[in-house]
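Peer 1: kindly generate the corresponding structure for this input.
(one chain, ligands or ions: 1)
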Amino acid sequence: MNQVKLSESVYYVGAVDWNTRDFHGYTTPRGVTYNSYLIVDEKVCLIDTVKAPFAQELLDRVSQIIDPAKIDYIITNHIEPDHSSALPAVMERAPQAKVLLTEHGRTGIIKHYQKSYDFQVVKEGDVLDLGRNKLHFVPVPMLHWPDSMICYLTGEQILFSNDAFGQHISTTKRFDDENDIHEVLYEAEKYYANILLPFGKMVVKAVDKLKELPIQTIAPSHGVVWRKHIPDIVAKYQFWGQGKTTDKIIIAYDSMWGSTERMARQILDGVAAAGVTGKLYKMSTADRSEVIRDVLEAGGVLIGSSTLNNGMLPSMGALMTYLKGLRPTGKVGAAFGAYGWGGGAQNAIEEMMKSAGIAVEQPGVSLKWVPDEAEMDKCFEFGREFAQKVLARI
Ligand code: FEO
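Peer 2: The predicted structure follows:
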């Protein structure tokens, strides 16, 4: 098997899943990776496992380096099954291994697998002596679950960051500088937007802690390993974690008979006339995960829907439910759409926007049946005014 080393003592022993296209509702057109790392020091330590169907691949990769029975420690940084569901299979081959994890991790592993291992609960400041290197534990609750933890290897200065700094991308090259960095950063942005967006405050806290450490390598549990572009991805995490935005406006809509679509295009023209970058997504055809990636840095979000049964179209309901859960910060929004008689979509969208944490400061625009010339002018002005407000906030 192709053997990849991160440093003198650290090997890549994870698996590349080229075929997964849906990661709990997040589309992954470039596939997924489940990264696991083996530290062979005076003690042998496995950092995380992989998703259960790839357990044998992990064990095969370990076996070509060392007998799995010689693993002294397994660090479970996160109990989500993409990282822990191979643990039972690994424990069968490494029954003497001690499993180090947070208290939330311990209860989670027992509940997930109905198995109890030789657990050692660790907390912030705890250190594991491996010989030449030491492993420091840093719990980072809610990056991405309450049990989440990262750990730092002294000496070789590697941060095992678990979900943080990850990307869903399948490649045969394991390092950032061996890949198209624009593709990697694009996937890192999409990953942050779809997985970590609700946890910005925790991201900022974690990044502040990391500033104190000399880091040569960031080894996440998904995607490529960072060794050249560390300052770029850390700066991005600070920007996103602080909820900062750019002068970009996302217009997401769906249309029953074409009127809301005409409105959307006219509003976009008004946005462009104000000198702001606009992006248009029709939700009956757009990929929700991609839209959310674009929303991450957008200063403004305009949501449009025809009225259906006094509410919004189902495609828009799905987007708004997803957005509400992700709780973006630092954004303004407004609603628009056409109706036939009573209306209702605009109010429903505004309520959902507010509950998603988006500031609704500008009245929306709605119109009956088909826009006439005056209404088209109104849509243009609506877009231009909204864009000017976004610009004023940057
Ligand atoms: Fe990659 Fe939250 O698991």
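Peer 1: just the C-alphas of the helix or strand of the chain with the lowest mean pLDDT, formatted as CSV.
Peer 2: Lowest on mean pLDDT, DSSP states H and E among the helices and strands of the chain sits helix 200-210, with a mean of 91. Taking C-alpha atoms only, helix 200-210 is exported to CSV below (Å, rounded to 0.1, in the frame of the first residue of the first chain):
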residue,chain,number,x,y,z
GLY,A,200,-18.4,30.7,15.2
LYS,A,201,-17.7,31.7,18.8
MET,A,202,-16.1,28.4,19.5
VAL,A,203,-14.0,28.7,16.3
VAL,A,204,-12.7,32.0,17.4
LYS,A,205,-11.8,30.7,20.8
ALA,A,206,-10.1,27.6,19.4
VAL,A,207,-8.1,29.7,16.9
ASP,A,208,-7.0,32.0,19.7
LYS,A,209,-5.7,29.0,21.6
LEU,A,210,-3.8,27.8,18.6
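Peer 1: check which residues of it are buried.
Peer 2: Buried residues in helix 200-210, defined by neighbour count with 16 or more other Cβ atoms under 10 Å: 200, 202, 203, 204, 205, 206, 207, 210. C-beta here means a position set from N, CA and C on the backbone, and glycine is covered the same way.
Peer 1: mind putting these in TSV, distance to the ligand included?
Peer 2: Supplementary listing: these in TSV, determined by distance: Cβ to the nearest ligand atom, whole Å:
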residue	distance to the ligand
200	16
202	13
203	14
204	19
205	18
206	14
207	18
210	19
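Peer 1: ok, these vs residue 41, which is closest?
Peer 2: Checking those against residue 41 with Cβ to Cβ, the nearest one is residue 210 at 22.3 Å.
Peer 1: from residue 164, how far off is the closest one?
Peer 2: Using Cβ to Cβ, to the nearest Å, residue 210 is found at 9 Å from residue 164.
Peer 1: with residue 217 instead?
Peer 2: Between residue 217 and residue 164 the distance, using Cβ to Cβ, works out to 14 Å.
Peer 1: the two - which one has more neighbours?
Peer 2: Between residue 217 and residue 164, residue 164 has the larger neighbour count (other Cβ atoms under 10 Å), namely 29 against 21.
Peer 1: what average pLDDT does the biggest helix by length in the chain get?
Peer 2: Using DSSP state H, we find that the single longest helix of the chain is helix 373-393. The average of the pLDDT scores along helix 373-393 is 97.
Peer 1: near the ligand, which residues of the stretch 101-250 of the chain?
Peer 2: Residues of the stretch 101-250 of the chain lying near the ligand by Cβ under 6 Å from any ligand atom: 144, 145, 163, 221, 222.
Peer 1: same thing but at 5 Å, please
Peer 2: Neighbours of the ligand within the stretch 101-250 of the chain, by Cβ under 5 Å from any ligand atom: 144, 163.
Peer 1: so where do the helices sit in the stretch 101-250 of the chain?
Peer 2: 103-113, 181-191, 200-210, 230-241 (DSSP state H, counting those that start in this stretch).
Peer 1: can you say which of those is packed in most?
Peer 2: helix 181-191 (a mean of 19; mean count of other Cβ atoms under 10 Å).
Peer 1: can you give the contact residues for it?
Peer 2: If you take Cβ atoms under 8 Å, 6 or more residues apart in numbering as the criterion, helix 181-191 is touched by 30, 165-169, 176, 222-224, 229, 232-233, 236, 240, 289-290, 292-293, 296-297.
Peer 1: compare the helices of the stretch 101-250 of the chain and say which comes out lowest on pLDDT.
Peer 2: helix 200-210 (a mean of 91).
Peer 1: relative to helix 230-241, how tilted is that one?
Peer 2: Going by axes from the mean of the first three to the mean of the last three Cα atoms, to 10 degrees, helix 200-210 is angled at 150 degrees with respect to helix 230-241.
Peer 1: which strands or helices does helix 200-210 pack on?
Peer 2: Applying 3 or more Cβ pairs under 8 Å, 6 or more residues apart in numbering; DSSP states H and E, we find helix 200-210 packed against helix 230-241.
Peer 1: what lies in contact with the helix it packs on?
Peer 2: Helix 230-241 is contacted from outside by 164-165, 185, 188-189, 192-193, 196-197, 200-204, 207, 210, 215, 217-218, 226, 296-297, using Cβ under 8 Å, 6+ apart.
Peer 1: how does it look with 7 Å?
Peer 2: With Cβ atoms under 7 Å, 6 or more residues apart in numbering as the test, helix 230-241 has contacts from 165, 188, 192, 200, 203, 204, 207, 215, 218, 226, 296.
Peer 1: ok so, going back, buried subset of the contacts of helix 181-191?
Peer 2: With burial judged by 16+ other Cβ under 10 Å, the buried subset of the contacts of helix 181-191 is 30, 165-169, 176, 222-224, 229, 233, 236, 240, 289-290, 292-293, 296-297.
Peer 1: chain center to the longest helix of the chain: distance?
Peer 2: Chain-centre distance of helix 373-393: 32 Å, with Cα atoms, centre = their mean, to the nearest Å.
Peer 1: in it, which residues are buried?
Peer 2: By 16+ other Cβ under 10 Å, the buried positions in helix 373-393 come out as 375, 376, 378, 379, 380, 382, 383, 384, 386, 387, 389, 390.
Peer 1: thought residue 246 was touching the last one, still the case?
Peer 2: No. Under the criterion of Cβ atoms under 7 Å, residue 390 is not in contact with residue 246, lying 9.3 Å apart.
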